[in-house]
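J.: Based on what follows, work out the 3D shape:
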Amino acid sequence: MSAQEGLLGAVVVASNRAAAGVYEDTTGPLLTAFLDELGFAVGDPVVVPDGEPVGAAIGAHIAAGARVVLTTGGTGLTPTDLTPEVTRPLLDREIPGIAEAIRAAGVAKGVPTAMLSRGLAGLAGECLVINLPGSRGGVKDAIEVLRPVLEHAVEQSVGSDH
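T.: Modelled structure (predicted):
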């Protein structure tokens, strides 16, 4: 049994087009499956338009007791990519190494545009919040980065021993 068994996890998808029903998001299900695999209690991804709705969704999950919130999308350079801007005010402490490792993994796999992701990672109280890129490839790369450290990071957020 995982140390995370029963802890609440959540996924927020930032996408104007998916929120409007133009297409079906395929990144959120990858992340919910990952959290489920680790033993988190996770519902369906919440798909919202870019910008403030993302911050509101993250904040709602934090208030509901989530121990980890993974976001996908809204980390690029377009004018509507505001996920880092709405995430930062929610964080008590940033964890730059997580976001740096996610960007580095993409670049190492031959995706130079991965360095353009502006995603953040940090703690909002006892909740670990991590912004991931919006592409399926970026999400898959991020999952591989997070797999060996996510459970430890969640445990550490409440002061568990190393």
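
J.: element containing the residue positioned nearest the centre of the chain?
T.: Centroid-nearest residue in the chain, with C-alpha atoms, centre = their mean: residue 70, separated by 2.2 Å. Taking DSSP states H and E as the definition, one finds residue 70 inside strand 68-72.

J.: Mind listing the strands that strand pairs with, and their directions?
T.: strand 8-14 (parallel), strand 127-132 (parallel) (DSSP bridges).

J.: Format the ones you listed as a markdown table; extra columns: distance to residue 144.
T.: Placement of C-beta: from N, CA and C, glycine included. Below are the strands paired with strand 68-72 laid out as a markdown table (distance: least, C-beta to C-beta, whole Å):
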| stretch | distance to residue 144 |
| --- | --- |
| strand 8-14 | 17 |
| strand 127-132 | 12 |
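
J.: Looking at those, spot the one closest to residue 38.
T.: strand 8-14 (7.8 Å; C-beta to C-beta).

J.: what's the model's confidence in stretch 77-95, averaged?
T.: Mean per-residue pLDDT for stretch 77-95: 97.

J.: To clarify, my last question referred to stretch 37-56.
T.: On average, stretch 37-56 scores 97.

J.: This completes my enquiry, with thanks.
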